[in-house]
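Enquirer: got a predicted structure plus its sequence, pasted below:
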Amino acid sequence: MKQYIYLVIIVLISGCSSTSKTKTPKGFTSLFDGKTTTGWHSYNKKTVGSAWEVQDGALHMNPSKKGKDGGGDLVTDKEYTNFHFKAEWKVAPKANSGIIFYIHEDPKYSQTYLTGPEMQVIDNDGHPDAKITKHRAGDLYDIVKSSSEPVKALGEWNKAEIISNNGNLTLILNGVEIVKTTMWDDNWKALLNSSKFAKWQGFATFKTGKIGLQDHGDEVWYKNISIKEL
């Protein structure tokens with residue numbers, strides 16, 4: 001009987017601990033170990049803002065914990081050129097965030113979004129920004145509208161993928177390809193000219209940059225973050 005009880009306890013402990021482990025697909029490199037913020041820092045800073053914490057194996061933006069150092073967008077220490085990026089995200093009610101890429105980190109630019117395009121992360125039903133076309137979950141923010149909306153219900157985890165290879169850009173949400181375009185060609189220039197970024201000098205011009213998780217002042221979680229360089 002005692003042996004049975006011990007076995008049950010061991011199984012329960014193993015089950016609980018496995019939920020916090022990060023999952024790295026074969027051929028990919030983990031960008032988050034599920035325990036620390038190693039490999040990341042707040043944009044234009046050397047450390048990570050106090051609002052970013054590790055919670056149950058996920059990076060958690062907790063606005064209530066913003067101290068003097070605040071939060072700020074979290075960016076990778078390393079820059080990437082051609083890549084396949086994967087992450088899972090979920091948001092609190094009425095929350096807004098985003099995955100930003102090709103970020104050029106320089107004091108000249110005060111925010112990540114001044115140089116990097118964004119895959120939108122948002123509560124489609126609760127945040128007012130989602131009422132705007134090209135501002136919904138999975139959209140290439142303000143540039144290309146998603147072909148469909150395979151986003152999960154609020155509070156559930158969504159699997160996001162960004163593939164960029166020699167200008168060929170694909171966004172995938174929950175296994176569904178929702179955006180496909182080519183960066184830096186004439187059509188790309190036309191897309192930018194019809195967006196809010198038309199006159200933003202430096203926006204989406206850098207072909208190598210960092211990847212960032214946006215602090216929009218709302219509660220959001222990211223986990224199982226990995227990348228394959230192409």
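Expert: Arrived safely, thanks for sending. Numbers count the residues shown, from 1 in each chain.

Enquirer: which residues touch Lys207?
Expert: The neighbourhood of Lys207, defined by CB atoms under 8 Å, 6 or more residues apart in numbering, consists of Thr81, Tyr102, Trp184. Heads up, the C-betas are built off the backbone N, CA and C, glycines and all.

Enquirer: just say helix, strand or coil for Asn187.
Expert: Of the three states, Asn187 takes helix under DSSP: H, G, I helix; E, B strand; the rest coil.

Enquirer: got any ranges where this protein has weak pLDDT?
Expert: Residues of the chain meeting the criterion pLDDT under 70: 1-21, 68-69.

Enquirer: dig out what the spatially most central residue of it forms beta bridges with.
Expert: Closest to where the C-alpha atoms of the chain average out (CA atoms, centre = their mean) is Ile99, at 3.2 Å. Judged by DSSP bridges, the bridge partners of Ile99 are Met119, Leu213.

Enquirer: re earlier: can you list which of the contacts of Lys207 are found in strands?
Expert: Tyr102 (DSSP state E).

Enquirer: surely the residue nearest to the centre of the chain meets Met119?
Expert: Yes: Ile99 is in contact with Met119 according to CB atoms under 8 Å; the separation is 4.5 Å.

Enquirer: picking up where we left off before, reformat the contacts of Lys207 as a markdown table; add distance to Phe32 and neighbour count.
Expert: Formatted as a markdown table, the contacts of Lys207 follow (distance: CB to CB, whole Å; neighbours: other CB atoms under 10 Å):
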| residue | distance to Phe32 | neighbour count |
| --- | --- | --- |
| Thr81 | 21 | 14 |
| Tyr102 | 20 | 25 |
| Trp184 | 29 | 14 |
